[in-house]
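Colleague: this is a predicted model, with the sequence first.
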Amino acid sequence: MLYRDDIYYYVRRVPHDLASHYDVKRLCFSPRTRSVSAATRASRSINQHLEDYCVGLRLQNMDIPAIQLVRSNDNLQDNTVKLSECCELYLRLKCAGKDKVFIRTANRKIGYLTKLLGDRPMLSETTKALPKSAVVPKRTTIGLTPVRFALTLADGSTF
């Protein structure tokens, strides 16, 4: 902690192995308190949050052991429709007589999902793939249920 001009500052250097994730070599900011006990308490809390964040970054950079032994679901993914394709199909089926706001809203909502999850195949596990820490605007969950439907084509294939 640093004390300057009657204000306490939290100071911590960025670990070398995580320097590529930051634009600075050290973090320095104020927990906005002049009390030494409040600054110490805030410092411990900030330190714990940063440690948790750093562990997450290190795990992302780590190689997955025995990745060659993990089963792939390539045969399942080949037969499924991606989120963007579902949106296009939904708009083709439902946008007749609708205004441009309807189309823009549907595209924006699917855009939120594809930004968060990627353009994944549309499986029943798609909602389970959301990370618990994901911050998704609450409005994106409204009206997405029409996108999750099954479509059986004349040749018998099901989407």
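Modeller: Good, I have the coordinates.
Colleague: which helix runs longest in this structure?
Modeller: The residue-count maximum for a helix in the chain (DSSP state H) belongs to helix 36-61.
Colleague: how about the contacts made by N61?
Modeller: D17 (CB atoms under 8 Å, 6 or more residues apart in numbering). All C-beta atoms are positioned from the backbone trio N, CA, C, and that covers glycine.
Colleague: now do 10 Å
Modeller: The contact partners of N61, taken as CB atoms under 10 Å, 6 or more residues apart in numbering, are D17, L18, S20, H21.
Colleague: which residue packs closest to the last one, ignoring adjacent ones?
Modeller: If I follow you right, that is H21. L57 (6.0 Å; CB to CB, 6 or more residues apart in numbering).
Colleague: next, count neighbours for the one you found.
Modeller: 14 (other CB atoms under 10 Å).
Colleague: farthest-separated two in the contacts of N61?
Modeller: By the measure CB to CB, D17 and H21 form the most distant pair in these, at 9.5 Å.
Colleague: can you list the buried residues in the helix or strand where S84 lies?
Modeller: Per DSSP states H and E: S84 is located in helix 83-94. Residues of helix 83-94 classed as buried: L83, S84, C86, C87, L89, Y90, L91 (neighbour count, 16 or more other CB atoms under 10 Å).
Colleague: nearest to S30, out of these: which one, please.
Modeller: Distances from S30 to these, taken by CB to CB, are shortest for L83, at 42.1 Å.
Colleague: my guess is the closest one contacts P121. True?
Modeller: Yes. If you go by CB atoms under 10 Å, L83 and P121 touch, sitting 8.1 Å apart.
Colleague: can you tell me which residues contact the residue nearest to H21?
Modeller: Contacts of L57 (CB under 10 Å, 6+ apart): P15, D17, L18, S20, H21.
Colleague: what count of nearby residues applies to the first one?
Modeller: What it means is P15. With other CB under 10 Å as criterion, P15 counts 13.
Colleague: please apply the same query to the second one.
Modeller: Neighbouring residues of D17 were enumerated by other CB under 10 Å; the total is 11.
Colleague: cool, the fourth one as well?
Modeller: Counted with other CB under 10 Å, the burial measure for S20 works out to 9 neighbours.
Colleague: for it, report the pLDDT, please.
Modeller: pLDDT, S20: 88.
Colleague: that one and L117: what is the separation?
Modeller: Taking CB to CB, to the nearest Å as the criterion, S20 is separated from L117 by 25 Å.
Colleague: perfect, that will be all.
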